[in-house]
Structure formats: C-alpha cells, structure tokens
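Visitor: The amino acid sequence is not available; the structure is as follows:
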Ligand code: ATP
Ligand code: MG
C-alpha cells in the first residue's frame, strides 16, 4: 500500500490519483479482485481484533486514526467495516461537527486535543482539526493569514502527540464527483438514507475544485514521518476498506507489542 503514502514535502496533485484504483486486486479472467479482496479484509479484521486487544493489554502505545473526505466520501462506512470485529470497548470514535459557541471561544485545537487517545486506546477521528484548513478556508471563515499558519501549527501539534507515544495515521478517502453524485442521489432515493442528506451538501458540491485545492495543500504540507497521510482510492468501498485495514494492521504489527508479564509463581496455581 506504499503507493498511497504521501511522502513528506511532496507536492500532491489529486488528479494523478485514480479513485477507481484497486491495486493488485484486479477483476480479470482468472480471479475476481473483489471476491479475493473481501476474503483478505475478513482476515485483516481478525488480525486487527487481536492487535487491539494487545494494544489495550500492553497499555503503552496510543493510536490515532484520522479520516477526512468530501461529503458521502465514506467515512462512516469505513468505520463500520474496518472496525467490524474489534471489541467496541476498545475503540472510540470522535466526530467533529461545526464548532459550538464554547469551542469557538477557544483555539481550534482545544476540542481536538481533549479527544486524543490515552495509553492503550485507539481513537478514530471522523473529521478533525483538518476542517480548520478545509471548510474554514473554502468558506473564508477566517482570514488567509490565520489559516495559512495552521499547517505548521498542526505539524507541531501532531509531533508533540507522536513524541508522547501516539501513532498517527491519516487517511484521505478519494472519490470523484461522479461517485459523489451517485451516493448523494442514493441518499435521496432511499427512505432509510434520506435523513443523511442535507441541502447544504449541494452547496459544498459546487465548491468541489476549491476543496480539491485545499486538500492538495493539506496533503502536501502535513504529511510527515510522525503523522503520514495516505490517499486512499475510495470509489470502490471494498478496496477502500482493504487498503486502510492493511496499513493499520501493518503499522500496529510494527509496534512489536507484547502482553504484560503476569504475576510471578502462577504456574502451579489450580482453581478449586
Ligand atoms: P456525512 O459525511 O455522512 O454527511 P458528516 O461528517 O458530513 O457526515 P454532518 O453533520 O453532515 O456530518 O456535517 C458536519 C459538518 O461540520 C460538516 O459540514 C463539516 O464541514 C462541519 N465542520 C466540522 N468541523 C468544522 C470546523 N472546524 N469549522 C466549520 N465547520 C466544521
Ligand atoms: Mg454531511
């Protein structure tokens, strides 16, 4: 999955990333990529379950997963599918909506820092501090001189989290306008999904190219060794989930976690 990693200080052009990409899982004459991909995803679900248990038991590392995407980009679906098998007691989702009056009275990282993971915890950010250089920029909620400073501030904030034992992974779910059209239409047409539709989403859709420019800046300026971004092809939901699960499992395996030592002298103990 290395091809989706944004190397630090490289200029990202999103038009160069194909949202339909399915990596090595092609649909061809001899194998069905999706079928194979879903088998792999099931295996990764199981591994993630074990790794999360280990993370909790060891009580040493902290794990932060950041999800960003356009509307209907699939953040909710990703959370549902990637963390399918994980013990619900072991993960926490923090969703960041438009800030409240109290949040606006503070600096933009105030509400974010409060939700950061503690030892043994895995936290998923559904939207994040990156909204403060995305929606905030696109809508001119603050002056450019204010948001432009935030890239450095965010890098330093994430560096501090990393130096305090946090493993940070950031995923941009890359869909195109056609896919968004289909998904928004599906929300409208399906009575069980309609509640998710907001007329405001159509206004945001008109600003697509502004958002792409803002995302390109985010990816170019804030992918670091301590908090890398991945551009995940996300038109195919199964491949999106597979790619994210793979990165997550590989990263957690790289932490070389161990179960803690038990109390001494337990060998001969028999429960009566
Ligand atoms: P879905 O993608 O399924 O529609 P959602 O994450 O968009 O879910 P909503 O309640 O529809 O959830 O939208 C949350 C809104 O909050 C988004 O429009 C987002 O841009 C906005 N938001 C989040 N953070 C900020 C921020 N710091 N400043 C302004 N708006 C923000
Ligand atoms: Mg929305």
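Guide: Nice, I can see it. This one's a predicted model, so the numbers in the text were calculated from it and none came from an experiment. Ligands and ions are numbered 1, 2, ... in the order given.

Visitor: C-alpha only now, for contacts and for neighbours.
Guide: Will do.

Visitor: what bits of the chain have low per-residue confidence?
Guide: 28-31 (pLDDT under 70).

Visitor: Enumerate the residues of it near ligand 1.
Guide: Residues of the chain lying near ligand 1 by CA under 6 Å from any ligand atom: 71-72, 96-99, 131-132, 135-136, 196.

Visitor: if you set the cut-off to 5 Å instead, what comes out?
Guide: Counting by CA under 5 Å from any ligand atom, the chain comes close to ligand 1 at 71-72, 97-98, 131-132.

Visitor: From the residues you listed, keep the buried residues only.
Guide: Applying 16 or more other CA atoms under 10 Å to the residues of the chain next to ligand 1, the neighbour count classes 71-72, 131-132 as buried.

Visitor: And the furthest pair within those?
Guide: Within these, 72 and 132 form the most distant pair, 19.2 Å apart (CA to CA).

Visitor: Now for the residue of the stretch 151-272 of the chain found nearest ligand 1: which residues touch it?
Guide: The minimum distance from the stretch 151-272 of the chain to ligand 1, using CA to the nearest ligand atom, falls at residue 196 (6.0 Å). Applying CA atoms under 8 Å, 6 or more residues apart in numbering, one finds that residue 196 lies in contact with residue 187.

Visitor: now the one 5 residues further on
Guide: For residue 201, the contact set (CA under 8 Å, 6+ apart) comprises residue 71.

Visitor: need the helices for the stretch 51-200 of the chain, in chain order.
Guide: 75-82, 101-104, 110-114, 135-138, 144-148, 150-163, 177-189, 199-206 (DSSP state H, counting those that start in this stretch).

Visitor: so can I have JSON lines of those helices showing distance to residue 253?
Guide: Below are the helices of the stretch 51-200 of the chain laid out as JSON lines (distance: least, CA to CA, whole Å):
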{"stretch": "helix 75-82", "distance to residue 253": "16"}
{"stretch": "helix 101-104", "distance to residue 253": "36"}
{"stretch": "helix 110-114", "distance to residue 253": "26"}
{"stretch": "helix 135-138", "distance to residue 253": "35"}
{"stretch": "helix 144-148", "distance to residue 253": "36"}
{"stretch": "helix 150-163", "distance to residue 253": "17"}
{"stretch": "helix 177-189", "distance to residue 253": "33"}
{"stretch": "helix 199-206", "distance to residue 253": "38"}
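
Visitor: and of those, who's closest to residue 65?
Guide: Nearest of those to residue 65, taken as CA to CA: helix 75-82 at 10.3 Å.

Visitor: which other residues reach the closest one?
Guide: Residues contacting helix 75-82 (CA under 8 Å, 6+ apart): 45, 67-69, 126, 173, 237, 240-242, 244-245.

Visitor: which of the residues you listed count as buried?
Guide: Burial by neighbour count, 16+ other CA under 10 Å: within the contacts of helix 75-82 this picks out 45, 67-69, 126, 173, 237, 240-242, 244-245.
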